[in-house]
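Q: Please find the sequence and the predicted model below.
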Amino acid sequence: MGTTERAGRKEWIALGVLALPLLLVSMDVSVLYFAVPFISADLGVDATEQLWIFDIYGFVLAGLLITMGSLGDRIGRRRLLLFGAIGFGLASVAAAYAQNPEQLIAARALLGIGGATLMPSTLALIRNMFHDPKQRSKAIAFWSAVMMGGITLGPVLGGFLLEHFWWGSVFLINTPAMVLLVVLAPVLLPEFKAPVRGRFDLLGSVLSLAAVLPVIWGIKELAAHGVSALPVAAIVTGLVFGVLFVQRQRTAKNPMVDLSMFRNRAFSGSLAANTIGTLALVGNAVFLTQYLQLVHGLSPLKAALWSLAPSVLVGGAAPLATALAGKMDRAYVIGGAFVLAASGYGVLTRIQVDSSLVVPLLGAGLLAAGLVMVMTLVTEAVVGSVAPERAGSASAVMETCAEFGGALGIAVLGSIGTAVYRADVPSDLPAGVAAPVREGLPAATAAAAQLPAQVADTVLATARHAFTHSMSVVALVGAVLLLVTAVGATLTLRGTSHASAPAEEPAAEEAESAPSA
């Protein structure tokens with residue numbers, strides 16, 4: 001099978017099949033936003049358990065991505081996808097009918113395992129199905145749009161389901177789609193696995209898990225509760241294991257990750273751009289959600305529906321990026337996309353308490369459109385810069401970097417926002433009010449609900465002004481970061497658009513491929 005062979009109708013239909021798991025895995029990150037109050041009331045969930053119900057999915061997903069990407073390269077990407085679909089569907093049923101918080105946390109962990117098998121498999125299979133670079137760019141643009149759409153649609157779908165069904169429906173919706181995937185995948189998706197290279201690196205898998213989990217947990221704890229000994233120790237521990245993991249990959253006969261990939265500018269530069277892009281996107285989402293609900297007073301469902309408005313700009317971003325990259329050096333398109341995203345942050349620097357909804361939604365739309373363009377092109381660069389047998393592990397590394405970027409977005413931009421907010425809170429507030437107001441806008445809003453109307457209005461006005469100022473400062477920092485990244489990405493990636501991946505080995509690929517499971 002040559003690299004110039006063009007995909008036909010079957011491959012494009014198969015791409016639609018691959019969209020099913022990607023959509024659901026990305027939705028599962030955000031679909032719980034509205035369900036938590038119902039779950040808490042039904043299962044008696046305390047604050048700690050609520051955090052674990054939210055976070056365990058992302059922790060397990062991030063920790064196992066590298067392992068599952070490497071495993072799919074070895075046992076077959078379609079096979080791993082099918083195993084993951086079955087596991088994800090069964091875990092969804094278990095979550096829907098959980099009888100206590102412990103069962104729900106365990107089911108969410110199993111969903112994370114299933115998600116870790118599905119995400120790198122979908123992208124790696126695209127690498128196998130679309131050998132023509134132009135077609136592959138369009139396929140990856142679709143992949144990027146579906147992933148972004150899942151994150152955006154999660155809260156909306158969750159809100160709709162909770163208005164008509166019980167909280168378990170937000171999990172149960174996964175199962176029919178996974179059944180459809182299990183039925184269609186053996187017919188439409190090709191199998192691919194790399195030539196056998198010895199035993200699976202089990203020690204490397206354990207080290208990767210020990211490196212990723214403590215760092216992700218530590219960053220999130222720092223963002224939520226400030227600097228303390230335990231999360232700092234967790235990050236240091238994770239970094240130590242990260243060094244051990246890298247050393248293991250250097251010395252192992254059959255490493256999970258081929259470190260030589262990082263010597264390719266197209267690969268390493270794209271990873272860095274993707275990480276910063278995710279940081280900027282997730283960091284803004286935290287502030288935008290609070291602004292719509294707690295400053296403008298929108299209900300969660302209305303806020304989620306208004307959040308769909310930027311999709312008008314985002315919808316055409318991925319195809320536009322692909323079209324532009326076909327006419328000029330990809331580096332200049334990526335640089336321009338970062339500038340577009342920075343302009344979105346520029347709009348957000350003008351935000352006020354009484355701003356029209358046009359301001360936050362236009363800013364968020366420009367930011368998301370620019371970053372979707374970036375993510376589309378860097379994803380294509382990562383996948384296209386490695387040989388097909390390495391596509392699974394390369395995809396997993398990229399998605400792991402994205403998880404780190406999201407955590408850093410919450411931690412770094414969130415910490416800057418918190419510092420500005422607290423600096424703006426007056427020191428002469430009444431003793432019983434000062435503490436919750438200084439804690440943040442959600443706590444201030446909750447405290448105001450228990451106060452006399454005149455005092456509550458003063459508290460809310462103070463907290464909302466401090467919050468919008470913090471949001472505008474964070475937007476300024478984000479804009480500067482993205483402009484600097486635009487320059488760095490352009491210089492780093494310039495001239496890599498036509499850099500070829502290592503040659504494919506037709507005989508090996510055809511020998512390992514099969515028409516059915």
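A: Great, that's in hand.

Q: Contacts only, for N274.
A: Counting by Cβ atoms under 8 Å, 6 or more residues apart in numbering, N274 touches V374, M375, V378, T379, V382, M398, C401, A402, G405. From N, CA and C alone the C-beta is placed, and that goes for glycine too.

Q: contacting residues around the second one?
A: By that I understand M375. Applying Cβ under 8 Å, 6+ apart to M375 gives the contacts S144, M148, N274, G277, T278.

Q: same question, the last one
A: Under the criterion of Cβ under 8 Å, 6+ apart, the contact list for G405 reads N274, T275, I276, G277, T278, L279, V282.

Q: and the fourth one, what element?
A: Yep, that's G277 we're talking about. Element membership for G277, per DSSP states H and E: helix 265-290.

Q: With just CA atoms, put the helix or strand just after that helix into CSV.
A: Next helix or strand after helix 265-290 toward the C-terminus (DSSP H and E): helix 300-306. Extracted C-alpha coordinates of helix 300-306, given in CSV (Å, rounded to 0.1, in the frame of the first residue of the first chain):
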residue,chain,number,x,y,z
PRO,A,300,-26.5,26.5,33.7
LEU,A,301,-28.5,25.3,30.7
LYS,A,302,-28.9,28.8,29.2
ALA,A,303,-25.2,29.4,29.7
ALA,A,304,-24.4,26.2,27.9
LEU,A,305,-26.8,27.1,25.0
TRP,A,306,-25.2,30.6,24.7
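
Q: contacting residues around helix 300-306?
A: Contacts of helix 300-306 (Cβ under 8 Å, 6+ apart): 33-34, 155-156, 158-160, 163, 289, 292-293, 298, 357, 361.

Q: Which parts of it count as buried, going by neighbours?
A: Within helix 300-306, the residues that count as buried by 16 or more other Cβ atoms under 10 Å are P300, L301, A303, A304, W306.

Q: tell me what the lengthiest helix in the chain is packed against?
A: Assignment by DSSP state H gives helix 453-493 as the longest helix of the chain. In terms of contacts (3 or more Cβ pairs under 8 Å, 6 or more residues apart in numbering; DSSP states H and E), helix 453-493 is packed against helix 265-290, helix 330-348, helix 358-384, helix 414-424, helix 431-439, helix 441-448.

Q: So for it, mean pLDDT?
A: What helix 453-493 shows for mean pLDDT is 90.

Q: Stretch 287-307 now?
A: 81.

Q: Now list the buried members of the contacts of helix 300-306.
A: For these, buried by 16+ other Cβ under 10 Å: Y33, F34, P155, V156, G158, G159, F160, T289, L292, Q293, L298, L361.

Q: Give me the secondary structure label for the nearest residue to the last one once chain neighbours are set aside.
A: Same thing as L361. Once flanking residues are discounted, L361 sits nearest to A309: 4.8 Å by Cβ to Cβ, 6 or more residues apart in numbering. Following DSSP: H, G, I helix; E, B strand; the rest coil, we place A309 in the coil state.

Q: How many neighbouring residues does A309 have?
A: The number of residues packed near A309 is 16, by other Cβ atoms under 10 Å.

Q: these two touch, right, it and G365?
A: Yes: A309 is within contact range of G365, at 7.0 Å (criterion: Cβ atoms under 8 Å).

Q: Spit out the contact partners of H296.
A: Contacts of H296 by Cβ under 8 Å, 6+ apart are L357.

Q: From V358, how far out is it?
A: From H296 across to V358, the span is 12 Å (Cβ to Cβ, to the nearest Å).

Q: Tell me if I'm right that F38 and F165 touch.
A: No: contact criterion Cβ under 8 Å: F38 and F165 do not qualify, at 10.3 Å.

Q: all helices for the stretch 1-150 of the chain, in order.
A: Remark: helices assigned in the stretch 1-150 of the chain by DSSP state H, counting those that start in this stretch are 9-27, 36-43, 47-75, 77-96, 101-129, 133-164.

Q: returning to what we had before: so how far is the longest helix of the chain off the chain centroid?
A: The chain centroid and the centroid of helix 453-493 are separated by 21 Å under Cα atoms, centre = their mean, to the nearest Å.

Q: Between helix 330-348 and it, find me the angle.
A: 160 degrees (axes from the mean of the first three to the mean of the last three Cα atoms, to 10 degrees).

Q: if we can go back for a sec, columns distance to R6 on top of the buried ones among the contacts of helix 300-306, output as JSON lines?
A: JSON lines is the format used below for those (distance: Cβ to Cβ, whole Å):
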{"residue": "Y33", "distance to R6": "42"}
{"residue": "F34", "distance to R6": "44"}
{"residue": "P155", "distance to R6": "39"}
{"residue": "V156", "distance to R6": "37"}
{"residue": "G158", "distance to R6": "40"}
{"residue": "G159", "distance to R6": "42"}
{"residue": "F160", "distance to R6": "40"}
{"residue": "T289", "distance to R6": "43"}
{"residue": "L292", "distance to R6": "45"}
{"residue": "Q293", "distance to R6": "48"}
{"residue": "L298", "distance to R6": "47"}
{"residue": "L361", "distance to R6": "40"}
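
Q: out of those, which one sits closest to A461?
A: Nearest to A461 among the buried ones among the contacts of helix 300-306 is Q293, at 16.7 Å by Cβ to Cβ.

Q: mind checking how far that closest one is from I53?
A: 20 Å.

Q: and what of V374?
A: In terms of Cβ to Cβ, V374 sits 32 Å off from I53.

Q: Next: L371.
A: 28 Å.

Q: who's more crowded, the two?
A: Neighbour count, other Cβ under 10 Å: between L371 and I53, L371 has more, with 29 against 23.

Q: Would you check that the more buried one makes contact with A341?
A: Yes: using Cβ under 8 Å, L371 is in contact with A341, at 4.9 Å.

Q: overlap in contacts of these two?
A: G277, A280.
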